[in-house]
Every structure is written in C-alpha cells, then in structure tokens.
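Colleague: let's see this in three dimensions:
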Amino acid sequence: MAADFQALKQDLTRRMDGAMETLKKEFQGLRTGRASPALLEPIRVEAYGSVTPLNQVANISVAGPGLLSVQVWDKAVTKAVESAIREANLGLNPQAEGQVIRVPLPPLTQERRNELAKAAARYAESTRVAIRGVRRDGMEQVKGWVKKHEASEDEAKRAEDEIQKLTDQYVKQVDATLVDKEKDIRTV
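Modeller: Got it, this is the predicted structure:
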C-alpha cells in the first residue's frame, strides 16, 4: 500500500502542477499595463497556405513599456501578421514599417481592468475545478484499494487526508496567484 500510495501521490502532484502551469500561461495572455510578448503568442496567422502561430513567422519583443515589436522573417507575410494582430480582439492597432510591426498598447480603462480581473477569476476557478477533479480521481483509487482489500480503512483514511492536504496546498497556490494577477491588472 505504501509504495502504491507514493506512486499515486506523485501522479496527483504531477497533474496538479500541470493545472498550475496552464493557469500561469493563461495569466500571461491577460494584458496588464505592461508590454509582454506573451500577449501575442496565442495569435495565429494565415501564412504559407496554413494557419501558423505568430511566433513561428516572427520574433516578438518588447520595444518599450507600452510597445511591442514584431520582426517578421518573411516580408510576404507582413500584411497577414498585421491583420491577424488587428483581428485578435485585443484592442490593438499595429503599424507596419517594412518587416517590423510596432504594436502600441493603449492604456487600460477601468472597465477593461475589471473585465480582465473577471477573466482571471474564471481561469483560477477552472484551475481549482481541475485540481479538485484530480483529488476525486485519487480518492476513488484509494476507495478501490479498500474494496479489493489491498488497504485497510485506517490506511485509506490517512491516504485521503494526505490527498486533501495536497489539494488544499494547490488551491492556496491558485488563490495567491490570482491575488497577484489581480493586483497586477489593477495597478495603473
């Protein structure tokens, strides 16, 4: 039982870490007052007859506190990149200068900051749900061990308590990450 539980705990930890990584990536895509290349990473560009991620046709960098610079590798796709950024519903107005596209980030309104904070809260809640789903899987596995007489009731209770502690630890991480992101969003 002890070896099985350690393997189960490692698996649950790995899956919960994955949920946290997903949350962090989602938060990177939420725009704050500062320029970040992560803002443009989800954008897809119609290039070479297929839809390609922006970072596979251009280099994205920060040119200033409120300015992103997109260096397109092939001049033929510059227009496609520019229109993809414009149509991404991020409220951005790119300006092409040769193979370089400058993307100024307008200051966020209070209304937009509130929308971003709500989106961050939705991402955090979906991560909490994912973590609780991992907990449920672990608990079911422990109950399966009891049914098959591979573990006693006491061992199962201790295992379930440890799984709950692990879950609580990750939920606290989600909450702390959300508080940091909301503070970042609301900072003018």
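Colleague: any regions of the protein where pLDDT drops low?
Modeller: Counting by pLDDT under 70, the chain contains low-confidence ranges at 1-3, 31-34, 188.
Colleague: select the longest helix from it.
Modeller: helix 110-147 (DSSP state H).
Colleague: check which helices and strands it sits against.
Modeller: helix 2-29, helix 153-186 (3 or more CB pairs under 8 Å, 6 or more residues apart in numbering; DSSP states H and E). For the C-beta atoms, the positions are set from N, CA and C on the backbone; glycine is no exception.
Colleague: make TSV from the ones you listed and add distance to Gln141 and mean neighbour count to it.
Modeller: Below are the helices and strands packed on helix 110-147 laid out as TSV (distance: least, CB to CB, whole Å; neighbours: other CB atoms under 10 Å):
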stretch	distance to Gln141	mean neighbour count
helix 2-29	6	15
helix 153-186	9	16
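Colleague: does Pro94 touch Ala88 like I think?
Modeller: No. In this structure, Pro94 sits apart from Ala88 without contact. The criterion is CB atoms under 8 Å, and the distance is 9.8 Å.
Colleague: need the contact list for the residue lying farthest from the centre of the chain.
Modeller: For the chain, the residue at maximal distance from the C-alpha centroid (CA atoms, centre = their mean) is His149, at 40.5 Å. Residues in contact with His149 (CB atoms under 8 Å, 6 or more residues apart in numbering): none are found.
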